[in-house]
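# Based on what follows, work out the 3D shape:
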Amino acid sequence: MRFLHTADWHLGRIFYGQYLTGDQAHVLEHQFFN
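Modelled structure (predicted):
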């Protein structure tokens, strides 16, 4: 059983002027749709 902890994802966050949504989408796709 996998435990999903979402508190630290900060979806849509901008980090040092860079959008993280592309990286987050990549990780989510590989975690749930692979």
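# helix/strand/coil for the most centrally placed residue in the chain?
Against the mean C-alpha coordinate of the chain, by CA atoms, centre = their mean, the closest residue is residue 24 at 3.1 Å. The three-state label given to residue 24 by DSSP: H, G, I helix; E, B strand; the rest coil is helix.
# sec struct for the closest residue to it other than its chain neighbours, please.
In space, and not counting its chain neighbours, residue 24 is closest to residue 11: 5.9 Å by CB to CB, 6 or more residues apart in numbering. C-beta here means a position set from N, CA and C on the backbone, and glycine is covered the same way. At residue 11 the chain is in coil, as set by three-state DSSP.
# Tell me how many other residues surround residue 11.
The number of residues packed near residue 11 is 10, by other CB atoms under 10 Å.
# Can you verify my assumption that it contacts residue 19?
No. Contact criterion CB atoms under 8 Å: residue 11 and residue 19 do not qualify, at 10.9 Å.
# Quickly list what's touching both of these two.
Shared contacts of residue 11 and residue 19 (CB atoms under 8 Å, 6 or more residues apart in numbering): none.
# residue contacts, residue 10?
By CB under 8 Å, 6+ apart, the neighbours of residue 10 are residue 20.
# so how far is residue 21 from it?
Distance, residue 10 to residue 21, by CB to CB, to the nearest Å: 11 Å.
# So what would you say the end-to-end distance of stretch 4-24 is?
15 Å (CA to CA, to the nearest Å).
# Figure out how far it is from the centre of its chain.
Here stretch 4-24 is found 6 Å from its chain centre; the criterion is CA atoms, centre = their mean, to the nearest Å.
# can you map out the strands along the protein?
According to DSSP state E, the chain carries its strands in the segments 14-15, 18-19.
# can you list contacts of the last one?
With CB under 8 Å, 6+ apart as the contact definition, strand 18-19 has outside contacts at residue 12.
# close enough to count as contact, the residue nearest to the centre of the chain and residue 8?
No. With contact defined as CB under 8 Å, residue 24 does not reach residue 8; the gap is 11.5 Å.
# what's the pLDDT at the residue nearest to residue 24?
Listed pLDDT for residue 11 reads 77.
# shaky segments in this protein?
Within the chain, the segments meeting pLDDT under 70 span 1, 3, 34.
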